[in-house]
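# Below are the sequence and a predicted model for it; my questions follow.
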There are 2 protein chains.
Amino acid sequence: MMKVTAMTRAGADFEAWRRPNAARLEKGLAQALARQTPGQPAAVTRLLEAMSYALLGGGKLVRPLLALAAAEAVGGRAREARAAALAVEMIHAYSLVHDDLPAMDNDDLRRGRPTCHKVFGEALAILAGDALLTLAFQTLAEAGRLSAEAGRRAGLATLHLARAAGAVGLIGGQALDLAFEGQTGSGSNLVQVTGEMASDMERRKTGELMAAALVTGACLAGGTLAALNRLRRIGLDLGLAFQIKDDLLNREGDPALLGKATGSDEARGKASFPAVCGSPAAQREMDRLARSALAGAAWFKLKGRPLIWIIDSLLDRQS
Amino acid sequence: MMKVTAMTRAGADFEAWRRPNAARLEKGLAQALARQTPGQPAAVTRLLEAMSYALLGGGKLVRPLLALAAAEAVGGRAREARAAALAVEMIHAYSLVHDDLPAMDNDDLRRGRPTCHKVFGEALAILAGDALLTLAFQTLAEAGRLSAEAGRRAGLATLHLARAAGAVGLIGGQALDLAFEGQTGSGSNLVQVTGEMASDMERRKTGELMAAALVTGACLAGGTLAALNRLRRIGLDLGLAFQIKDDLLNREGDPALLGKATGSDEARGKASFPAVCGSPAAQREMDRLARSALAGAAWFKLKGRPLIWIIDSLLDRQS
């Protein structure tokens, strides 16, 4: 929940920035699917419904908002980053659908609703994930058709996004997560997961896509290479801090605030930085990463304000 | 098997063209994976092995060879289409891995070897498919970094490939195939699959990616819009003819030549043009499509020879 409980001045400014942008993003995501639907046979319409269910399920839009904030940070306008924002949310949504599958994490619930495969069946969930991944690249490519310069920017954004989402990025992170599962805690471990290994896995699973959101958003808005490099580091720091926060909340958060049971990761033997290094060390590492991300964002001066608001809201949350 | 049994003059010319190109493609596919491997942890290396198993499994390289032939047809060089060729083969390989999954067609064998999920497990097979799909777009985006013009061409190719592979193309075709399964033959059908519906499904499942192979290959080589449109029609005709040929071989081919049992599609109640309209009508439709594809290719005069060789070899095959 990107909500600031005690509504400070910054919190009010953030809401005034976030709300219209989030509304436009939701509309953009819905439109990207809706314009494919006319004239399709029933089975394809059903596939598009599964995609819609996964994509429009009330996500917090963290990654697409980061893309818009990055465009502003490099002196552009939020709307220039629109295609990058939609694309990263499509990738995020597809990754959740596939991660939830019975062969993977086998989750029945996501954001308080039945997971995609529970509603549409496994086959259609796999296909809906594939199609969201494909649509992400289509969306970026379409944005590139507007002009030669738009094409150049979209091409570079595509490259960054594909690397972040690929075998050595997001997908590799999920492979590591599956390999580590059950390998912390009890004595039956074949491989001892170290803090470094857990960090590396979480960088891939969360950091890479957050970094890609910032980089692709800034890229479409014409950011310099120096700005893109800086944003990538901010994204990696933020992603890891965000993941540690998530893991800490799962270990120690208030179930009433979270709306779900805590301790589930521990029970599954899920490898995470807090599980491996303990909560106090994890808290210190999160604080260090947060400071680093905020210091990076400060480089953009006033233009970096939306980015700072997002970072603050993600790391201050209690749910 | 793209082999001309009675080695005619055209057959010898084709082999002289095909063999070095196929060797370069195989090398290119292997390299695209190999350069990601250094320094990766064991679980990611295993993921890359699963991708390699799926991608380098002795496929006929029909689609990438079509991409190269299209580049030559529009007056370019085969090597200009290299990224498109690799990308379409990656998409083809990923689609087979996901189609074979237990939740989909549940196939244990592919090209005479255990399917990817049989060797690497379901989770890694899903991830390997996802990563091959992602790598296809990364490969095109990398080719676009060479120059502004290369970027423009790669962007357009990405758009064509994403549309062909997406929810209303290849993936939609698989959704239709699953929906039709068991709906021909017995009286328990809820939906009567017509010839038109079967054609539409096979256009998506086979035609769109073959058309995209030709279009993206020609696109990277600087083909005109008129040429791309013509190649798209050739690809759709060829794809449907190729699929009908496949279905006819499955119904009536020589199991000894095919290296697998025949009649399996019928036993599963798989919808196909021959199953719906009967073999004689399917044979006539295949001949009509083949003539149409060859007439289209003839427009490119001598430059279209590799394209004509491929079309001939695909439709004359007995296995």
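That came through fine. Source: prediction; values computed, not measured.
# Does at least one residue of the longest helix along chain A sit close to chain B?
When chain A is parsed with DSSP state H, its longest helix is helix A:225-252. No - applying C-beta under 8 Å from any C-beta of the partner chain, one finds helix A:225-252 out of contact with chain B, separated by at least 13.1 Å. Every residue, glycine included, has its C-beta placed from N, CA and C.
# For that helix, give the mean pLDDT please.
Averaging pLDDT along helix A:225-252 yields 94.
# Who are the packing partners of it?
Other helices and strands packing on helix A:225-252, by 3 or more C-beta pairs under 8 Å, 6 or more residues apart in numbering or on different chains; DSSP states H and E, are helix A:62-73, helix A:195-202, helix A:208-220, helix A:264-268, helix A:273-277, helix A:279-298, helix A:305-316.
# Check which residues of that helix are buried.
Residues of helix A:225-252 classed as buried by neighbour count (16 or more other C-beta atoms under 10 Å in any protein chain shown): A:227-228, A:230-232, A:234-251.
# Need the mean per-residue confidence for the strand or helix carrying residue A:32.
Of the helices and strands defined by DSSP states H and E, residue A:32 is found in helix A:9-34. Throughout helix A:9-34, pLDDT has a mean value of 95.
# Could you check the angle it makes with helix A:62-73?
With axes from the mean of the first three to the mean of the last three C-alpha atoms, to 10 degrees defining the directions, helix A:9-34 sits at 110 degrees from helix A:62-73.
# contact partners of the helix or strand just after helix A:9-34?
With elements assigned by DSSP H and E, the helix or strand that comes after helix A:9-34 is helix A:42-55. By C-beta atoms under 8 Å, 6 or more residues apart in numbering or on different chains, the residues outside helix A:42-55 that reach it are A:29-30, A:33, A:36-37, A:40, A:89-90, A:93-94, A:96-97, A:116, A:119-120, A:124-125, A:127-129, A:131-132, A:135, B:167-168, B:171-172, B:175-176, B:178-180.
# contacting residues around residue A:267?
No contacts exist for residue A:267 under C-beta under 8 Å, 6+ apart.
# And for the one 5 residues further on?
Residues in contact with residue A:272, defined by C-beta under 8 Å, 6+ apart, are A:184, A:198, A:202, A:243-244, A:247, A:265.
# Out of those residues, flag the one nearest to chain B.
Closest approach between the contacts of residue A:272 and chain B, by C-beta to the nearest C-beta: residue A:198, at 11.6 Å.
# count of neighbours near the closest one?
For residue A:198, the tally of surrounding residues (other C-beta atoms under 10 Å in any protein chain shown) stands at 27.
# ok, now the one 10 residues further on?
Residue A:208 sits with 27 neighbouring residues when counted by other C-beta under 10 Å.
# isn't it right next to residue A:232, touching?
No - contact criterion C-beta atoms under 8 Å: residue A:208 and residue A:232 do not qualify, at 9.3 Å.
# Quick check: residue A:318 is in a strand.
No - read with DSSP: H, G, I helix; E, B strand; the rest coil, residue A:318 is coil and lies in no strand.
# which residues touch residue A:71?
Residue A:71 makes contact with A:77-78, A:80-81, A:84, A:217-218, A:220-221, A:223 under the criterion C-beta under 8 Å, 6+ apart.
# Please report how far residue A:226 lies from chain B.
Using C-beta to the nearest C-beta, to the nearest Å, residue A:226 is found at 18 Å from chain B.
# any idea how far residue A:296 is from that residue?
Counting by C-beta to C-beta, to the nearest Å, the gap from residue A:226 to residue A:296 is 12 Å.
# okay, now residue A:22: neighbour count?
Using other C-beta under 10 Å, residue A:22 has 17 neighbouring residues.
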